[in-house]
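Q: here are the coordinates; sequence isn't available:
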């Protein structure tokens, strides 16, 4: 399974809050400059707090291998 995670950071006093948007099964052809523009657009649309800043976008892939299946 593949997942795209968009991360935004917001200073909150002495700590930093992190907001994440997870997108399951993203397209394979992601253009980093377009993705950066899209992250800013999501902020403008109010999907994340307006005082947060786009920080990072990452792809995570998870592979599952069943070792034992006792009930079929």
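A: Yep, that arrived. Just so it is clear, the structure is predicted and the values come from calculations on it, not from any experiment. Residues are numbered from 1 along each chain as shown.
Q: C-alpha only now, for contacts and for neighbours.
A: Fine.
Q: hey, where'd the helices end up in this protein?
A: 32-44 (DSSP state H).
Q: how about the strands in it?
A: 2-12, 15-24, 53-61 (DSSP state E).
Q: Show me what counts as buried in the first one.
A: Right, strand 2-12. By 16 or more other C-alpha atoms under 10 Å, the buried positions in strand 2-12 come out as 3-10.
Q: I'd like the strands of the chain as JSON lines, with distance to residue 30 and mean pLDDT appended.
A: Shown next, in JSON lines, are the strands of the chain (distance: least, C-alpha to C-alpha, whole Å; pLDDT from 0 to 100):
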{"stretch": "strand 2-12", "distance to residue 30": "10", "mean pLDDT": "94"}
{"stretch": "strand 15-24", "distance to residue 30": "13", "mean pLDDT": "96"}
{"stretch": "strand 53-61", "distance to residue 30": "10", "mean pLDDT": "95"}
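Q: Can you give me the first-to-last residue distance of stretch 10-28?
A: End-to-end distance of stretch 10-28: 29 Å, with C-alpha to C-alpha, to the nearest Å as the criterion.
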